[in-house]
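# Need the 3D shape of this:
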Amino acid sequence: MLVFRGQVGVDTSDEALKERLQLHLNWVKKLGDQHIDSQRLENVGAHIIDHHTVHMDGPFIEDKEIILGYTIIAAKDLDDAIFLSKTCPLLNYFEIIVRPVVS
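Next up is the predicted model:
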């Protein structure tokens, strides 16, 4: 799973978002059968600290820590997933965290 995390100062205008979406769709097309799923996350949510502390105001965490979305790919191992992540054009705008999904 590739998790896209925000970076401070990234343009979030509608035009910039549309451009990045097209870049991502082109990349997904190149991945072919290795692409399993991708979703952008809503800008709202909750940050649950413990049983008594829930932050609902946005941004509820630092901008640079906001999780923007994810993509699930089929890779033979972690090295392959890292290699494929480095080909993602969204890396120019966001950090990508690569984590294997437990099978």
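# In contact with the nearest residue to residue 26 once chain neighbours are set aside, which residues?
With sequence-adjacent residues excluded and distances taken as Cβ to Cβ, 6 or more residues apart in numbering, residue 26 is closest to residue 89, at 7.5 Å. In this view, the C-beta of every residue, glycine as well, is placed from N, C-alpha and C. Going by Cβ atoms under 8 Å, 6 or more residues apart in numbering, residue 89 touches 20, 23-24, 26-27.
# Out of those, which comes closest to residue 6?
residue 20 (12.1 Å; Cβ to Cβ).
# Work out for me the element the closest one sits within.
Per DSSP states H and E, residue 20 falls inside helix 14-31.
# now do residue 68
strand 67-73.
# hmm, what's the outermost residue in this protein?
Going by Cα atoms, centre = their mean, the residue of the chain most distant from its centre is residue 52, 28.5 Å out.
# how close does that residue get to residue 81?
37 Å (Cβ to Cβ, to the nearest Å).
# before we move on, the earlier item: and the contacts of residue 89, which are buried?
Buried subset of those (neighbour count, 16 or more other Cβ atoms under 10 Å): 20, 24, 27.
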